[in-house]
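> Fold the stuff below for me.
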Amino acid sequence: MKMNHSIKSLTILALLFSFSSFAENNLSRCKPSQRHFDNYEPETFPTSNNLMRKPGESPLTCGEKLILRGKLLDKNCVPISDAKVYIWQVACDGKYPYTTLRDGCNKNDINTKSNATFTGAGQTTTDNKGEFYFITTYPASFHKKKPSINIRVKHPEFSHFDTVFYTSRQNQEESPVDYSTFYYKEDGTLINEVKIVLPEANLFKEY
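Residues are numbered from 1 along each chain as shown. You can find the predicted model right below:
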């Protein structure tokens, strides 16, 4: 009887170990975000994460204010700290409010003469949890395409990574980045959260 009990106990422990290993292997993997390139990046990125205005200006913008929160992970779901994150997007008129880096952009898609303070681009740095945020406005549609915010990630230990955040899905399509549905804070501020997963592993950190 003792022998049978020991065999059963060992069998249960083996099954638990196998399940634990299986769960660990699956939970420690994140699906990489899809790459996406946009030609309308600004010639110079403002150094602020507040796209509503330049430092010292009183905001004069149109469109709904949006707080874009994000988290940056490697393919093993390890947060990536000290990464530079850049975003750029159109203003509420569907045009980019800055001078673009590339000469081949359509001039009809650019409006640098607006009186609004919206900069259309910004940058920030991820914290020790891989988290970041931007203050911006809900993007307008561009050429009748879905509203979107372009995102670039730079880190010395990873390849540069460009992707895009579409504000809505259509026909069950897959989004380039994972994101939550929009929700409102008690003060009425629109919030959205995105998760960006790089296709590489952090060489010096693991969980």
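> how about the nearest residue to residue 133 once chain neighbours are set aside, phi and psi?
Excluding the flanking residues, the one nearest residue 133 by Cβ to Cβ, 6 or more residues apart in numbering is residue 69, at 4.7 Å. C-beta here means a position set from N, CA and C on the backbone, and glycine is covered the same way. Residue 69 has phi and psi values of phi -100, psi 140 when expressed as degrees, to the nearest 10.
> so residue 69 touches residue 195, yeah?
No - in this structure residue 69 lies outside contact range of residue 195 using Cβ atoms under 8 Å: 9.9 Å.
> For those two, indicate the residue with more neighbours.
The neighbour count for residue 69 versus residue 195, taken as other Cβ atoms under 10 Å, is higher for residue 195 (18 against 15).
> Find the residue closest to that one in space, skipping its chain neighbours.
Spatial nearest neighbour of residue 195, excluding adjacent residues (Cβ to Cβ, 6+ apart): residue 178 at 4.3 Å.
> Ok, residue 138 next?
Using Cβ to Cβ, 6+ apart, the closest residue to residue 138 is residue 64 (4.4 Å).
> follow-up on the earlier one: just read off the phi/psi values of the residue nearest to residue 195.
phi -70, psi 140.
> got it, and the one 10 residues further on?
Here is the backbone geometry of residue 188 (degrees, to the nearest 10): phi 90, psi 0.
> per-residue confidence at the residue nearest to residue 133?
Note on residue 69: pLDDT of 95.
> Same question for residue 170.
55.
> One more: the one 5 residues further on?
Residue 175 is assigned 79 on the pLDDT scale.
> State whether it is indeed within a strand.
No - assessed with DSSP: H, G, I helix; E, B strand; the rest coil, residue 175 is coil; it does not lie in a strand.
> That one touches residue 166, doesn't it?
Yes - using Cβ under 8 Å, residue 175 makes contact with residue 166 at a distance of 5.8 Å.
> now the end-to-end length of stretch 142-154.
End-to-end span of stretch 142-154 (Cα to Cα, to the nearest Å): 26 Å.
> in it, what counts as buried?
If you call a residue buried by 16 or more other Cβ atoms under 10 Å, then stretch 142-154 has these buried ones: 142, 147, 148, 149, 150, 151, 152, 153.
> likewise stretch 31-39?
32, 33, 36, 38.
> With pLDDT as extra columns, can I get those residues in CSV?
Formatted as CSV, these follow (pLDDT from 0 to 100):
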residue, pLDDT
32, 95
33, 96
36, 95
38, 93
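> in the protein, which spans are helices?
With DSSP state H, the ranges of helices along the chain come out as 2-27.
> And the closest residue to residue 84 other than its chain neighbours, how far from residue 121?
In this structure, residue 84 finds its nearest non-sequential neighbour in residue 154, 4.5 Å apart by Cβ to Cβ, 6+ apart. Distance of residue 154 to residue 121, computed by Cβ to Cβ, to the nearest Å: 14 Å.
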